[in-house]
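Chemist: here is my input, please return the structure:
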Amino acid sequence: MLVNHRFETLFGDGRAKIAGATRRSRKMTFNHGSRALICAVVMFVVGLVSVGVGLSRYDAAYAWVAHTSDVRLVIGRALEHSRHTPSCDGLRVDLAEFKQLTADNPSQQERVWAVRESIELACATGAVSSLVDQIAQLDATERSLLAERRERLAETRHWCIIAFVLAMLGAVTAAVAARLFERRAVRALHASEELFRFLANSSSDLVRVHDAAGKPMYVSPSVERLLGYTPQELLEKVPLSLGHPDDLEQMRETLTNIQKAHAPGNTLVYRLRAKDGAYRWFETHTNPMRDEAGRLLRFYTTARDISERIELAKRLELAAVTDDLTGLLNRRGFLLIAGQEFRLAVRQHHGVGVIFADLDGLKLINDHLGHDHGDRAIRELAEILRSSFRDSDVLARLGGDEFAALAYDVDQTKVDAVLDRVQSAIANAAPVGPYPLSVSLGVALFRWGDKVSLDELIAVADQRMYENKRTRK
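Modeler: Below is the predicted model of the structure:
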């Protein structure tokens, strides 16, 4: 019992703990892994957005730089024209080209209009040379804008690169973390499965994993020793197909109870048919596994072969009502079975005969020849009584030298015939040393309708047996 308790603690509760730890590890790892994966995706998206924004800003800044460079060329050419050969027509051409280059810049368009008005005024008054200062000032302004935009272009490029690198590093870190959590979950799952298989494979009990319908999903190798089937053969069997016909209803009821939401596991004793056709007794403990809603996912069973225990219990039960020396019933067995037969006779209106027999001279045999000879005399009388009565009659040794029999459905004539067979066998029996085998008999009959109990019949038969003994003496 101590070994069984320790095994149940290790395997029954331990398996539940392993399953619970595995579920918690899976859940925790899944949560952390999901968060890491989500973080990786977010960081990657942020990186892409940063790259997109940076590229758009970089493209705009580059366009501004290129545009400002073009404007600078025009202004520089106009400045050279105005310094060497001031000409209104040349300035107008330069101004038109400058206007075209600044078409997408409102602030520069305003300067274009201001310069154009100055050029038109200067050309109208003949003061073209006065425009040199204005164009020089405009050239200085554009130089300043070009330097500023180039600086912004470089700054935008730097921030774009930094944001992209950080985003990619974050995405890679999160992806690596998700992978590590996944590998940890796989290792934890493999470890729990290996531990379960180790316990199941090393167990002498029959360990099975069933789906919600009761079909086996896993069978431990011990099934080959216990029932003669290979694990694969048992996996292909229909659920309950190996159960004893007398146990099927109980097995179906147990399976139905397990399938109910929130129903606990239980213990069931039943018989399974081995490959050789013989049935063996098993004591099975069931542990269901359910989801959060209480629905049955699968259930585990550990079945211990208790055939020897059942057989021992039967032998002990038989020994409790059997006389060791003769193999007949003892006093307890006689009262138990004779009581049943008497009640049956009363219900079915049959007669019953109770016969008491006492071995004569047993004390002399024991005192002069020893108890071995006395035991031989008792066994010989038991054999004579066994051969004289029917197999359906209840025959017992009450103790010492006293025997009793209950004959079912008899009358005086049948009882007299039995007594004659006993006396004839006794007369022909071999003596025990110098002492011939002798027996005193007493009979009590029950006829239907008599108001008498079995105890009263036994007392009458016992009394008549002692009267017969005294008469014989």
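Chemist: okay, now the closest residue in space to W448 that isn't next to it in sequence: neighbour count?
Modeler: The spatial neighbour of W448 that comes closest, neighbours along the chain excluded (Cβ to Cβ, 6 or more residues apart in numbering), is H349 at 4.4 Å. To be clear about C-beta, it is placed using only N, CA and C from the backbone, and glycine gets the same treatment. H349: 10 surrounding residues under other Cβ atoms under 10 Å.
Chemist: please report how far H349 lies from L335.
Modeler: Separation of H349 from L335 (Cβ to Cβ, to the nearest Å): 23 Å.
Chemist: L180 too?
Modeler: From L180 to L335 the distance is 77 Å (Cβ to Cβ).
Chemist: then I378?
Modeler: 20 Å.
Chemist: so who does V410 touch?
Modeler: Neighbour list for V410: 351-353, 418, 445 [criterion: Cβ atoms under 8 Å, 6 or more residues apart in numbering].
Chemist: that older thread, give me the pLDDT for the residue nearest to W448.
Modeler: pLDDT for H349: 87.
Chemist: secondary structure element for F356?
Modeler: Using DSSP states H and E, F356 maps to strand 352-359.
Chemist: what lines up beside that strand in the sheet?
Modeler: strand 402-408 (antiparallel), strand 439-446 (antiparallel) (DSSP bridges).
Chemist: I'd like those as JSON lines, with mean pLDDT appended.
Modeler: Below are the strands paired with strand 352-359 laid out as JSON lines (pLDDT from 0 to 100):
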{"stretch": "strand 402-408", "mean pLDDT": "93"}
{"stretch": "strand 439-446", "mean pLDDT": "93"}
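Chemist: could I get those in a markdown table, plus columns for mean neighbour count and distance to I38?
Modeler: Formatted as a markdown table, those follow (neighbours: other Cβ atoms under 10 Å; distance: least, Cβ to Cβ, whole Å):
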| stretch | mean neighbour count | distance to I38 |
| --- | --- | --- |
| strand 402-408 | 24 | 85 |
| strand 439-446 | 21 | 90 |
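Chemist: can you check which of the ones you listed gets nearest to P216?
Modeler: strand 402-408 (49.2 Å; Cβ to Cβ).
Chemist: now the element after the closest one, going C-ward?
Modeler: Heading C-terminal from strand 402-408 (DSSP H and E), you reach helix 412-428.
Chemist: what packs against that following helix?
Modeler: strand 352-359, helix 371-388, strand 402-408, strand 439-446 (3 or more Cβ pairs under 8 Å, 6 or more residues apart in numbering; DSSP states H and E).
Chemist: outside of it, which residues touch it?
Modeler: 353, 355, 357, 381, 384-385, 387-389, 407, 410, 437-439, 441, 443, 445.
Chemist: quick one: the helices in the chain?
Modeler: 2-7, 14-84, 88-101, 106-125, 131-202, 222-226, 231-235, 248-259, 307-320, 331-348, 362-369, 371-388, 412-428, 454-472 (DSSP state H).
Chemist: now do D411: how many residues are near it, please.
Modeler: Counted with other Cβ under 10 Å, D411 comes out at 13.
Chemist: cool, and S392?
Modeler: 9.
Chemist: surely it touches L406?
Modeler: No: at 10.2 Å, S392 and L406 do not qualify as touching, with contact defined as Cβ atoms under 8 Å.
Chemist: domain boundaries for this protein, per the record?
Modeler: 13-190, 203-308, 321-472 (automatic domain parsing).
Chemist: measure the last one end to end?
Modeler: Its start and end residues considered, domain 321-472 measures 32 Å (Cα to Cα, to the nearest Å).
Chemist: so for L180 and L335, which residue has more residues nearby?
Modeler: L335 (19 against 14).
Chemist: wait, G361 sits on V439?
Modeler: No: using Cβ under 8 Å, G361 makes no contact with V439, being 9.9 Å away.
Chemist: and the pLDDT at the residue nearest to G399 when sequence neighbours are not counted?
Modeler: Nearest residue to G399, sequence neighbours excluded (Cβ to Cβ, 6+ apart): R331, at 6.1 Å. pLDDT recorded at R331 is 91.
Chemist: now L227
Modeler: pLDDT, L227: 91.
Chemist: what's the closest non-adjacent residue to it?
Modeler: A274 (4.5 Å).
Chemist: quick one: the nearest residue to L234 once chain neighbours are set aside from D372, how far?
Modeler: Closest residue to L234 apart from its sequence neighbours, by Cβ to Cβ, 6+ apart: V219 at 4.7 Å. Distance of V219 to D372, given as Cβ to Cβ: 55 Å.
Chemist: neighbour count: the two, which is higher?
Modeler: V219 (23 against 10).
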